[in-house]
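1. how does the following fold in three dimensions:
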Amino acid sequence: MSRFQANLLLTLVALIWGSAFVFQNQAMAHVGPLLFTGVRFVVGALVVLPLAVMEWRRLGREGRPLNRLDGWHIAGLGGLMTLGAVMQQIGIQYTSVTNAGFLTAVYVPLVPVLAWLLLGQIAHWSVWPAAAGCLVGAFLLSGAHELKVGLGDLWVAASAIPWAVHVLMVGRWADRMAAPFMVASGQFAVCGALSLVAALVMEPVRWAGLEAAAVPIAFTGVLSVGIAFTAQVVAQRYAHAADAAIILSAETLFAAAFGYALLGERLNTAGLIGCGLMLGCILLVQLMPLVGTLRRRQILTTPSN
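-> Predicted coordinates for the structure are as follows:
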């Protein structure tokens, strides 16, 4: 898979996540966020489990079974997913959805910074203006005119750290293990189990609520988690982490589009400008490295006089 193809797959992932926003809103009327997160990630783990088993057997035949350290890496990814979701949810209780939506996007510029500090990876020059542009676009799309920082805002902003580390490490570890389906299913299982334990402690758990939220749970569990998150793991074996963060931020853009189409929500002028800015930044980070590659190929194939 080429870098450009991986970026296109990540765009599809963002599209699925954006469409799931409608179903996530519907589910919150019947179950708590921790219970919803736990059940849908367990469903996602079960969706990918057959592929993970096949992958396990293949690695065994090839004499490359995963070791205990690989297991800890998978558990760590699941822990990062859980930590990011829980910290974000705590913050949402004490801040506005507008502020939460904007502050979650902080992970976009954070990924290339962490990639440079922790891994010594230097991103393509287009990543930096694209990351800044996505952050500004998310602010405009959120409809916020000012950002007053409170305790809840700090929780949401802090949740960007585990999300950024997850985006940075998921492709790296999946590629090292050559087992994207085992990584995906394993991290889903860890996240689902931890979220369910937290739900049993912090939320009312009623079977009637789960039945009422069955359709949103099935849609987000199968598509948003089982298919989209797994596609993220596969794509990030070939895409740069900084590119992935910017492209995946299009979830906000697609959520606004589905909100407009399915829920009748409307965007003001600032929101439309924010959508256009984010779309431009996504195209920038996908096309500029491709342009550079084509230029280098042209130079190499052009005969010298």
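2. now the most centrally placed residue in the chain: how far from V43?
-> Nearest residue to the geometric centre of the chain (CA atoms, centre = their mean): L248, 5.8 Å. Separation of L248 from V43 (CB to CB, to the nearest Å): 21 Å. Using the backbone N, CA and C atoms, a C-beta is placed for each residue, glycine as well.
3. surely the residue nearest to the centre of the chain meets Q232?
-> Yes. Counting by CB atoms under 8 Å, L248 does reach Q232; the two are 7.3 Å apart.
4. residues shared between the contacts of these two?
-> Counting by CB atoms under 8 Å, 6 or more residues apart in numbering, the shared contacts of L248 and Q232 are 10, 13.
5. low-confidence ranges in the stretch 201-305 of the chain?
-> 256, 259-260, 262-267, 285-305 (pLDDT under 70).
6. name the element S195 belongs to?
-> S195 belongs to helix 180-202 when assigned by DSSP states H and E.
7. so which elements touch that helix?
-> Helices and strands touching helix 180-202, by 3 or more CB pairs under 8 Å, 6 or more residues apart in numbering; DSSP states H and E, are helix 33-61, helix 68-92, helix 151-177, helix 230-235.
8. and S126, what pLDDT?
-> pLDDT, S126: 70.
9. can you get me a residue count around it?
-> 20 (other CB atoms under 10 Å).
10. is it in contact with L284, as I believe?
-> Yes. Counting by CB under 8 Å, S126 does reach L284; the two are 5.3 Å apart.
11. what comes into contact with stretch 65-82?
-> Contacts for stretch 65-82 (CB under 8 Å, 6+ apart): 41, 56, 59, 162-163, 165-166, 169-170, 173, 177, 179, 182-183, 186-191, 194-195.
12. worst mean pLDDT among the helices and strands packed on helix 180-202?
-> Note on the helices and strands packed on helix 180-202: helix 151-177 shows the lowest mean pLDDT, a mean of 80.
13. F41 and L194 touch, don't they?
-> No. With contacts defined as CB under 8 Å, F41 does not count as touching L194, sitting 9.1 Å away.
14. which of these two has more neighbours?
-> Of the pair F41 and L194, F41 is the one with more neighbours under other CB under 10 Å, namely 30 against 22.
15. tell me the contacts of the more buried one?
-> Counting by CB under 8 Å, 6+ apart, F41 touches 81, 188-189, 191-192, 195, 221, 225.
16. can we see that at 10 Å?
-> The contact partners of F41, taken as CB atoms under 10 Å, 6 or more residues apart in numbering, are 78, 81-82, 85, 187-196, 220-221, 224-226, 229.
17. now it: how far from S224?
-> Where S224 is concerned, F41 sits at a distance of 10 Å (CB to CB).
18. so what sits against both of those two?
-> Shared contacts of F41 and S224, defined by CB under 10 Å, 6+ apart, are absent.
19. for the closest residue to the residue nearest to the centre of the chain other than its chain neighbours, report the pLDDT, please.
-> Leaving aside its sequence neighbours, L248 sits nearest to A14 (CB to CB, 6 or more residues apart in numbering; 5.3 Å). Reported pLDDT at A14 in the predicted model: 84.
20. work out for me the element A14 sits within.
-> In this structure, A14 is located in helix 3-27 according to DSSP H and E.
21. and the angle from that helix to helix 151-177?
-> Counting by axes from the mean of the first three to the mean of the last three CA atoms, to 10 degrees, helix 3-27 lies at 140 degrees to helix 151-177.
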